[in-house]
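Novice: got a predicted structure here, sequence first:
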Amino acid sequence: MKKPILLYILQKEFTQIFRNKGMLPVMFIMPVVQLLVLSFAATFEMKDIKINIIDNDKTPASRELVSKFKGSKFYTIINYTDAYNVAETDLKTNKADIILQIPEYFEKNIVKEDAAKVKLTINAINGSAAGLVSAYTMSIIKDFNKDLIVETLGTKMEMPIKTNTSYWFNPELDYKTYMVPGILVLLVSIISLFLSSMNIVREKEMGTIEQINVTPILKYEFVAGKLIPFWIIAMFELAFGLLIAKLIFSLPMLGNVGVVFLFAGIYILALLGLGLFISTISDTQQQAMFIAWFLMVVFILLSGLFTPVESMPHWAQNLNIINPISYFIKVMRMVLLKGAGIKDLSNQFIGMSIYAIISISLAIRMYKKKN
């Protein structure tokens, strides 16, 4: 019985992939290394805030406030000084992130006037980091203020309002829990888009595309033969990445992982189709890589991986309709962290299915085969 032509194409593609010794590490080793590195590096958490303290009061009250910062795991006191210009020099030379200045008569003002002031000077070159430093610091000062109120009203006096805080979906507020699903999407996307975008154009550069063009292979068979190997590889890498995320980062998987793979299958088809479309309109691998890199940078910045989509300008939010990465990141986080099902994600499934149909159709249409 004669083997279907598609199987010959698949055999050729897999042979070509595994013969390329330079491509194998890119496909199987680099994504794992990037997942391990980026999951720790891509964080907005402030874990080592360097603080310079100016205590001009030197009273039990000021020492108690300073002890609050000493006891925090987020702060490192790098210097005590009485001179503001010394502390300011540390801030300008990046030796300190924040200056806490406790003025003279701090305790006296608390006792006599029921009010006192402290001065905070924060290095705000990085606005996001400065906002977090300010929030952490104000939280400690608020805690100190609450202790003063209890001491003033008496130790037996209870606070009028008690609050018990619990955090849904990420109880420990571990930033890696939030980032790892997005980074997995990023790595699968890079593999899918970059490798597929250089596929057909590589055949052009090697001259083998002319040999393929004179064969009786149909256009859809050729495109399917180009898509399926990378689809299998990308799905394998997603599965391996989820395994690493579970074993190393203890990533919660509250939802059905099958929903993730079902959506990933459609998503990878969409990205592979886009990559093949890029490959058909490019003349060299370098040109294809530049186009793919341009699209990938735009997709990542608008995806919500690092900053919430809701905080972006309205035009950027509308532009995300054509951003496949934003769909998959939302699905990954909702399924793994919230336990969402297919019904909750129907809009994402419909949108990505349309995206896959359009991208693959464009790839087939733009592939110019000469019979």
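Specialist: Yep, it's here.

Novice: buried residues of the helix or strand harbouring Phe349, list them for me.
Specialist: Applying DSSP states H and E as the criterion places Phe349 in helix 346-366. Across helix 346-366, burial judged by 16 or more other CB atoms under 10 Å covers 348-349, 351-352, 355-356, 359-360, 362-364, 366. For the C-beta atoms, the positions are set from N, CA and C on the backbone; glycine is no exception.

Novice: got the contact list for it?
Specialist: 219-220, 223, 227, 263, 266-267, 269-274, 276-277, 280-281, 321-322, 324, 327-328, 330-331, 342 (CB atoms under 8 Å, 6 or more residues apart in numbering).

Novice: just checking, Phe40 touches Met179?
Specialist: No - judged on CB atoms under 8 Å, Phe40 makes no contact with Met179 at a distance of 9.2 Å.

Novice: okay, those two: which has more neighbours?
Specialist: Legend: neighbour count by other CB atoms under 10 Å for Phe40 and Met179, higher for Met179 (22 against 11).

Novice: what are the buried residues along the host helix or strand of that one?
Specialist: Using DSSP H and E, Met179 falls within helix 175-197. Of the residues in helix 175-197, 175-197 count as buried by neighbour count, 16+ other CB under 10 Å.

Novice: repeat that for stretch 307-317.
Specialist: Applying 16+ other CB under 10 Å to stretch 307-317 flags 309, 312 as buried.

Novice: go on, stretch 242-256?
Specialist: Those buried within stretch 242-256 under the rule 16+ other CB under 10 Å are 242, 244-245, 249, 251-252, 255.

Novice: stretch 66-86 too?
Specialist: 66, 68-69, 72, 74-75, 77, 81.

Novice: just stretch 223-236 next, same as before
Specialist: Using 16+ other CB under 10 Å as the test for burial, stretch 223-236 gives 223-231, 233-235.

Novice: pLDDT on it, on average?
Specialist: In this model, stretch 223-236 carries a mean pLDDT of 88.

Novice: could you export the buried residues of stretch 242-256 as TSV, including distance to Glu88 and pLDDT?
Specialist: Putting the buried residues of stretch 242-256 into TSV (distance: CB to CB, whole Å; pLDDT from 0 to 100) gives the following:
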residue	distance to Glu88	pLDDT
Leu242	49	93
Ile244	46	91
Ala245	44	90
Phe249	40	88
Leu251	43	89
Pro252	45	88
Gly255	51	89
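
Novice: ok so, going back, chain center to the helix holding Met179: distance?
Specialist: The gap between the average C-alpha position of helix 175-197 and the chain average comes to 9 Å, counting by CA atoms, centre = their mean, to the nearest Å.

Novice: tilt between that helix and helix 346-366?
Specialist: Our comparison of helix 175-197 with helix 346-366, counting by axes from the mean of the first three to the mean of the last three CA atoms, to 10 degrees, yields an angle of 20 degrees.

Novice: by contact count, what packs against helix 175-197?
Specialist: Counting contacts by 3 or more CB pairs under 8 Å, 6 or more residues apart in numbering; DSSP states H and E, helix 175-197 packs against helix 23-28, helix 30-41, helix 219-249, helix 257-281, helix 285-302, helix 324-333.
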